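> 3D model of this:
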Amino acid sequence: MQTIRYPLATMALAALATLACNAQAQAQGSGQLNAVCSVQDAWCSMIASTFMRSSGIKVNMVKRGSGEALAQLIAERSNPKTDVWFGGTGDPHMQAAELDLTQEYQSPSLPQLHGWAQDQARQSSYRTVGVYSGPLGFGFNTELLAKKKQAAPMCWKDLLNPTFKGELQMANPASSGTAYTMIATLVQLMGEDKAFEYLGAVHKNVSQYTRSGTGPIKAVARGEALVSVSFVHDAPGEQMQGFPIGTSAPCEGTGAEIGSMSIVKGARNLESAKKFYEWALTPAAQQLGVAVKQFQLPSNKATPLDSNIPDFKKIKFIKYDYAKYGKTSERKRLIERWERDVNSLPR
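So this is what the prediction gives:
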């Protein structure tokens, strides 16, 4: 291997440039940023530490599920303590926009983003923007399926198989954006009454409704359940840890989350929030998900794609109405119906 040597003058200039960048970051970072993060813990930590190093802005970040994050913004309405909300399914972000909890901000980076991210921004009157997307599907434990000589679920109708009784996990829509995306997807795919009839039938096979959307696929990975309704992009990280996980996207069609980002109305550190917002839309920032084994499709079209990111061209998607199902009244109505018509049923 050839050793490359750099002249002392070049090294000195590089050192001076580094010092200058650090000084600039410190100068820019005289403020701080209070953020709520609704992605996985490792990703939250990675974006907080990386942005802090690059900007010099102190980041105070708390982890919340998307439903919990929305509840926090509602509770803080009269005295906002949060500046920016990063990640989590887009429906609660759309509700926050509708409730006037977030503020309009039209990023100059919008033309660099995929159409679905730009649509999210337009539909919310530029109060939120898509930062990633991922398809809803099934996770299953391949070893347990082989032992039981059972076929993996490939369609929504397969979850009705009585051999899955007590072996299926999904999240609770009251706390999980993943589960609400499932309900909204089925309503759009089947019609509302048929969708709730289907959910009531599937309920007989469900062993547990978890608080977190990632809980079911983690249970499947560890052999605590056989099948989960999950986002497909949550599987590769489990596979990399050696767990026998497979995935499929429903043959009838499925929805996708648009993980979003919003600036809180009345943010105390507005300039810091805008700097974070712009940084989070760059390809460099959007690659951090893969660095912590998160494999959603980034919204910036220039972001290099890891091979583990689901190929959207191979999945049958419904035309998901993010504007309608992001409304507070619609979410509240559908969750109340799920509690009444599904969760109250015996198993």
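> Where does the prediction get shaky in this protein?
1-30 (pLDDT under 70).
> Could you pull out the strands in it for me?
Counting by DSSP state E, the chain has these strands, from start to end: 32-37, 58-63, 84-86, 129-141, 168-171, 206-210, 227-231, 245-248, 256-263, 297-298.
> right, and those strands - which one's nearest Lys316?
strand 129-141 (9.6 Å; CB to CB). For glycine as for every other residue, the C-beta is placed from the backbone atoms N, C-alpha and C.
> Sheet-wise, list the partners of that closest one with their directions.
According to DSSP bridges, strand 129-141 forms sheet pairs with strand 227-231 (antiparallel), strand 245-248 (antiparallel), strand 256-263 (antiparallel), strand 297-298 (antiparallel).
> For it, what is the distance to the chain centroid?
Strand 129-141 has its C-alpha centroid displaced from the chain centroid by 8 Å (CA atoms, centre = their mean, to the nearest Å).
> hmm, back to that, I'd like the strands of the chain as TSV, with distance to Ala117 and mean neighbour count appended.
Putting the strands of the chain into TSV (distance: least, CB to CB, whole Å; neighbours: other CB atoms under 10 Å) gives the following:
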stretch	distance to Ala117	mean neighbour count
strand 32-37	18	22
strand 58-63	22	17
strand 84-86	14	26
strand 129-141	3	26
strand 168-171	24	26
strand 206-210	28	19
strand 227-231	17	29
strand 245-248	23	20
strand 256-263	7	28
strand 297-298	9	26
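> now the ones you listed as TSV including distance to Lys275?
Formatted as TSV, the strands of the chain follow (distance: least, CB to CB, whole Å):
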stretch	distance to Lys275
strand 32-37	8
strand 58-63	11
strand 84-86	10
strand 129-141	15
strand 168-171	33
strand 206-210	35
strand 227-231	29
strand 245-248	36
strand 256-263	11
strand 297-298	19
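> Out of these, which is closest to Tyr180?
Of these, nearest to Tyr180 by CB to CB is strand 168-171, at 8.8 Å.
> hang on, the earlier thing: any chance of the strands paired with strand 129-141 in a markdown table with distance to Val342 as columns?
Compiled in a markdown table, the strands paired with strand 129-141 are given as follows (distance: least, CB to CB, whole Å):
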| stretch | distance to Val342 |
| --- | --- |
| strand 227-231 | 13 |
| strand 245-248 | 23 |
| strand 256-263 | 21 |
| strand 297-298 | 30 |
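> Please identify which of these is closest to Gly90.
Across those, Gly90 has its closest neighbour in strand 256-263 (3.9 Å, CB to CB).
> Off-centre distance for the closest one?
Per CA atoms, centre = their mean, the centroid offset for strand 256-263 relative to its chain is 7 Å.
> of the strands paired with strand 129-141, which approaches Gly115 most closely?
Of all the strands paired with strand 129-141, strand 256-263 comes closest under CB to CB, at 11.1 Å.
> That closest one versus strand 32-37: what angle between them?
For strand 256-263 against strand 32-37, the angle by axes from the mean of the first three to the mean of the last three CA atoms, to 10 degrees is 160 degrees.
> hmm, who's touching stretch 288-304?
With CB atoms under 8 Å, 6 or more residues apart in numbering as the test, stretch 288-304 has contacts from 39-40, 42-43, 46-47, 50, 109, 112-114, 116-117, 129-134, 231, 233, 236-237, 240, 259, 281-283, 286-287, 305-306, 308-310, 312.
> thought Pro250 was touching Met154?
Yes: using CB atoms under 8 Å, Pro250 is in contact with Met154, at 7.5 Å.
> Pull up the overlap in contacts between the two.
Counting by CB under 8 Å, 6+ apart, the residues touching both Pro250 and Met154 are Phe138.
> the more surrounded of the two?
Per other CB atoms under 10 Å, whichever of Pro250 and Met154 has more neighbours is Pro250, with 25 against 15.
> With adjacent residues omitted, what lies nearest to the more buried one?
Counting by CB to CB, 6 or more residues apart in numbering, Pro250 lies nearest to Trp156, which is 4.8 Å off, once chain neighbours are set aside.
> how close does the spatially closest residue to Asp41 that is not a sequence neighbour get to Ser248?
Excluding the flanking residues, the one nearest Asp41 by CB to CB, 6+ apart is Lys63, at 5.9 Å. From Lys63 across to Ser248, the span is 29 Å (CB to CB, to the nearest Å).
> same check, this time on Leu33
With CB to CB as the criterion, Leu33 and Ser248 are 39 Å apart.
> which residues sit in contact with the residue nearest to Asp41?
By CB under 8 Å, 6+ apart, the neighbours of Lys63 are Val36, Cys37, Ser38, Asp41, Cys44.
> Just confirm the first one contacts Val62, I think it does.
Yes: when contacts are counted by CB under 8 Å, Val36 is listed as touching Val62 (5.7 Å).
> doesn't Glu143 make contact with Pro244?
Yes: using CB under 8 Å, Pro244 is in contact with Glu143, at 4.3 Å.
> Neighbour count for these two, which is higher?
Taking other CB under 10 Å, Pro244 and Glu143 do not tie; Pro244 has more neighbours (16 against 13).
> Need the phi and psi values for the more buried one.
Backbone torsions of Pro244, given as degrees, to the nearest 10, read phi -80, psi 80.
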